[in-house]
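Student: Could you work out the structure for the sequence below:
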Amino acid sequence: MRQDDFFETVQNGQYSYKRLNHDFIDGIRRGLPVGVSDDDVAYALIYLLIDDLPMDPEHEGLLDNSETGAVIRCLKAVLWRMGVEFEPPFHDKRGYYSFRIDNKNGLNTDLTRVFVPAREALERRERVHSGGGLRGLRGELRNLIFAATQKPEIVWRDVAAGTIEITRNKQHCLLYDRPVGVSGLTWGELADWWRLQDGNYALPVEALRKALRDRLVGSLNEPERLMLDSYWRFSVSKGFDDIPALLPQVFLHYDPLTQQQRMQRAEGQVLVRQRMDFLLLAPGGRRYVLELDGKQHYSRNGEAAPDLYAKMVREDRRIRLQGYEVYRFGGSEFISKQAAETMLSEFFAELLCV
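Tutor: Predicted coordinates:
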């Protein structure tokens, strides 16, 4: 279910605008059939609130104060039908602003954290009832292709189960094919998986970790290596095993055609940003994308390129709506290695609250 499904288009003369469809929301709250499951409705409502609540209650956002209250009441009713008790610390948009002020905009006012109990309950329920696939933030998460130095060729081994197999360039990338739960993907879990790869089973712990680190670093350029090295040292200082793993060069999309082949086809467009620089799968189902921006992100031949920049931020908005949190770093931040390591250590500590 999409956020747009909760809205209706109103025509006013030559102008049109969207507003909350109160009849639809009331129908959902009262349990009337809408053609989708309560699970899907609950996820969609949660992310509508996460996206819209930070907007100014008087001047911005898709929802005004009363509409926000109606969406929260609807979400609580849907969750209650599913046996999930959830009581947010506010009842409308103004209440959220008061909650932030009272708590001095602390970490507990982060909306993704506020809704973690509800999402964890939904995921537990989904595992019990489905007996299989885990839902990521906004969809199924079954395969992670990462540390890629060349584009792999893949086939669907089992379409219904979402199982893929790399049939070409397998040696140039890694495929993590285990379920990723609400606790995210930690270094300890990644190392357990790495131990089962060819030649790694008999390695002692330190040698296993070094082999994993060397494999990840091998897919990176110099600034990216600095980021991974800094995070690796940070993770070791915090105990390593329970710290979320930092996955480099992760495929966000996959197009079997090359960019040149795709551009020659009238019916298809090139997928933007097929790979992410880094991905962290953190507790609470949070997905952090870390991007290192060189000049190619905003210039051509040394000249500013507004269209490149617009394309980049447009894609940021799109994947943010899919549940990813995007953090960008400028290339100039990595000129001084010492300054970069200090900056990164502070960033990771604040990001993960450890």
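Student: Could you give the average pLDDT over stretch 125-144?
Tutor: Taken as a whole, stretch 125-144 has a mean pLDDT of 50.
Student: Measure how buried residue 334 is and give me the count.
Tutor: 20 (other C-beta atoms under 10 Å). No exception for glycine: its C-beta is placed from N, CA and C like everyone else's.
Student: any idea how far it lies from residue 340?
Tutor: 5 Å (C-beta to C-beta, to the nearest Å).
Student: Find the residues that touch each one of these two.
Tutor: Shared contacts of residue 334 and residue 340, defined by C-beta atoms under 8 Å, 6 or more residues apart in numbering, are found at residue 226.
Student: so what's residue 326 up against?
Tutor: 289, 291, 316, 319, 320.
Student: Can you tell me which of the residues you listed are buried?
Tutor: Buried members of these, scored by 16 or more other C-beta atoms under 10 Å, are 289, 316, 319.
Student: quick one: which of the residues you listed is nearest residue 237?
Tutor: Nearest to residue 237 among the buried ones among the contacts of residue 326 is residue 289, at 23.6 Å by C-beta to C-beta.
Student: can you tell me which residues contact the closest one?
Tutor: 276, 277, 278, 279, 319, 324, 325, 326, 327 are the contacts of residue 289 under C-beta under 8 Å, 6+ apart.
Student: Return a ChimeraX selection command for the buried portion of those.
Tutor: Per 16+ other C-beta under 10 Å, the buried members of those correspond to this ChimeraX selection:
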select :276,277,278,279,319,324,325,326
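Student: pLDDT check: weakest of the contacts of residue 289?
Tutor: residue 319 (78).
Student: quick one: that one and residue 252 touch, right?
Tutor: Yes. Taking contacts as C-beta atoms under 8 Å, residue 319 lies within contact range of residue 252: 6.9 Å.
Student: still on that earlier bit, among the buried ones among the contacts of residue 326, which lie within helices?
Tutor: By the criterion of DSSP state H, membership of the buried ones among the contacts of residue 326 in helices covers 316, 319.
Student: Name the nearest of the buried ones among the contacts of residue 326 relative to residue 189.
Tutor: Using C-beta to C-beta, those come closest to residue 189 at residue 289, 19.7 Å.
Student: that older thread, need the contacts of residue 326 in CSV with distance to residue 8, can you?
Tutor: Below are the contacts of residue 326 laid out as CSV (distance: C-beta to C-beta, whole Å):
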residue, distance to residue 8
289, 33
291, 36
316, 28
319, 27
320, 24
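Student: Count the residues that sit near residue 169.
Tutor: 14.
Student: Could you pull up the residues touching it?
Tutor: So residue 169 contacts 150, 151, 152, 153 (C-beta under 8 Å, 6+ apart).
Student: do the same with residue 21
Tutor: Residue 21 neighbours (C-beta under 8 Å, 6+ apart): 6, 7, 8.
Student: I'd say residue 18 and residue 5 touch.
Tutor: No. Counting by C-beta under 8 Å, residue 18 does not reach residue 5; the two are 11.5 Å apart.
Student: who's more crowded, the two?
Tutor: residue 5 (17 against 12).
Student: how about the nearest residue to the more buried one, chain neighbours excluded?
Tutor: residue 44 (7.2 Å; C-beta to C-beta, 6 or more residues apart in numbering).
Student: OK, contacts around that neighbour?
Tutor: 1, 2, 3, 5, 6.
Student: which pair in the contacts of residue 326 spans the largest distance?
Tutor: Pairwise over the contacts of residue 326, using C-beta to C-beta, the maximum falls at 291 and 320, 12.4 Å.
Student: contacting residues around the residue nearest to residue 190 when sequence neighbours are not counted?
Tutor: The shortest distance from residue 190 to any non-neighbouring residue, by C-beta to C-beta, 6+ apart, is to residue 245 (4.4 Å). Applying C-beta under 8 Å, 6+ apart to residue 245 gives the contacts 185, 186, 187, 189, 190, 280, 281.
Student: And these, which is closest to residue 87?
Tutor: residue 281 (27.7 Å).
Student: my read is the closest one is in a helix, agree?
Tutor: No. Checked against DSSP: H, G, I helix; E, B strand; the rest coil, residue 281 lies outside a helix; its state is strand.
Student: what about it, neighbour count?
Tutor: 26.
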